[in-house]
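In: give the three-dimensional model of this entry:
(one chain, ligands or ions: 1)
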Amino acid sequence: MSNLEAAPAELACRGGGPYTGGVEVLTARDVPLGGPRAMPVRRTLPQRQRSLIGAWCFADHYGPDDVAATGGMVVAPHPHTGLQTVSWLFAGEIEHRDSLGTRALVRPGELNLMTSGHGIAHSEVSTDATTVLHGVQLWVALPDSDRHSAPAFGHYAGLPAADLDGATARVFLGKLAGLESPVPTYTPLLGAEIVLAAHARLSLPVEPSHEHGVLVDAGPVSLSGTRLERSELGYLPPGSVTAELANLTGDPARVLLLGGAPFTEDIVMWWNFVGRSHEEIVAFRETWEAELDQFGRVEGYQGTPRRIPAPPLPNARLKPRSRP
Ligand code: MN
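Out: Here you go, the predicted structure:
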């Protein structure tokens, strides 16, 4: 997934800091992803109100889309730094290619985790077999100690899942409900898909030192008493010992539960880059535009344009913002 905003703002995201209060509702904004018919996605992170939940720093929710109408996902090669991409599908199939030479198919219920380290490039295209495309793409900020590491790609199937009382959970990162993902993380993280039966209520013990977000794919649901509509992200601050989920409908509901230790480093996000300073972002952009080796080359991508050019930088440096 690429940030295809024509004039993306540079966001200085301040980590850490306590937050006290109830569930905060983060509403999505619609962003055209690009491709032939500008497939729309609903973005809840980052936004002015909140930039990070743990190290989760980006959340796009899309579909279910009729690919015949939207054109599906067609994202040409583009770069990343300082982050991991988490691709998670509910329906459809995406072909991923990257500058490590990886070609992988992203399928529902399987985790595809790309670590940019100091630089990687990739393309993402929904396959011809896909009629309905439905999923999320999430980014995880890498801590300063690991963000200059070598790029990597991992595909994980057979993730731990369990039937809970009136719900099922599949854990792709971290630990929940006695389940533990085998996938290593750079900071303490949780990522799980939870399907709630009609009118089901579920009290999930969560790590009290972590903050959590509930991204609603199908709802509405309530999170610890606060109603969340489809595509909204409910933020549960540190200090909570449980996440109280309730399906408010007579149909199955589905959410992603994201969590992690509050990320205490200040980061600067612009376009597809995560860095630590304005100067670093400028250098990443120049390196991509000059087609230098930092990001490598994606082989086998058939579309046009051949690669996504970086948008212009904002004229002004934005001042760092505090967490609420
Ligand atoms: Mn991407």
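In: show me what contacts the most centrally placed residue in the chain?
Out: Using Cα atoms, centre = their mean, the residue of the chain that lies closest to the mean C-alpha position is residue 138, 0.8 Å off. Residues near residue 138 by Cβ atoms under 8 Å, 6 or more residues apart in numbering: 56, 58, 59, 60, 85, 86, 88, 191, 258. For every residue, glycine as well, the C-beta is placed using N, CA and C.
In: got the residues you listed as JSON lines, with distance to the ion and pLDDT columns?
Out: Listed next are those as JSON lines, based on distance: Cβ to the ion, whole Å; pLDDT from 0 to 100:
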{"residue": "56", "distance to the ion": "15", "pLDDT": "98"}
{"residue": "58", "distance to the ion": "10", "pLDDT": "97"}
{"residue": "59", "distance to the ion": "13", "pLDDT": "98"}
{"residue": "60", "distance to the ion": "10", "pLDDT": "97"}
{"residue": "85", "distance to the ion": "5", "pLDDT": "98"}
{"residue": "86", "distance to the ion": "11", "pLDDT": "98"}
{"residue": "88", "distance to the ion": "14", "pLDDT": "98"}
{"residue": "191", "distance to the ion": "17", "pLDDT": "98"}
{"residue": "258", "distance to the ion": "18", "pLDDT": "98"}
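In: which one of the residues you listed is nearest to residue 204?
Out: residue 258 (12.8 Å; Cβ to Cβ).
In: surely the closest one touches residue 213?
Out: Yes: using Cβ atoms under 8 Å, residue 258 is in contact with residue 213, at 4.5 Å.
In: spell out which residues are contacts of both of those two.
Out: 53, 56, 59.
In: moving C-terminal of the one helix or strand residue 192 maps to, what's the next helix or strand?
Out: Element membership for residue 192 (DSSP states H and E) is strand 189-196. Following strand 189-196 in sequence order, the next helix or strand is strand 201-205 (DSSP H and E).
In: mean confidence score for that following strand?
Out: Averaging pLDDT along strand 201-205 yields 97.
In: tell me where the stretch 1-150 of the chain is predicted with low confidence.
Out: The model of the stretch 1-150 of the chain has pLDDT under 70 over residues 1-7, 10-21, 34-36.
In: what about the helices in it?
Out: Ranges of helices within the stretch 1-150 of the chain are 67-70, based on DSSP state H, counting those that start in this stretch.
In: then the stretch 151-300 of the chain?
Out: Under the criterion DSSP H, counting those that start in this stretch, the stretch 151-300 of the chain contains helices at 278-289.
In: residue of it nearest the ion, please.
Out: In the stretch 151-300 of the chain, the residue that lies nearest the ion is residue 272 (5.9 Å; Cβ to the ion).
In: which parts of the stretch 201-324 of the chain are strands?
Out: Using DSSP state E, counting those that start in this stretch, the strands of the stretch 201-324 of the chain run over residues 201-205, 211-218, 221-223, 226-228, 233-236, 242-247, 253-260, 267-270, 273-275.
In: who's the residue of the stretch 101-250 of the chain found nearest the ion bridged to?
Out: Per Cβ to the ion, the residue of the stretch 101-250 of the chain with the smallest distance to the ion is residue 122, at 5.7 Å. Here residue 122 sits in beta bridges with residue 78, residue 98, going by DSSP bridges.
In: that one - how many residues pack around it?
Out: Residue 122: 29 surrounding residues under other Cβ atoms under 10 Å.
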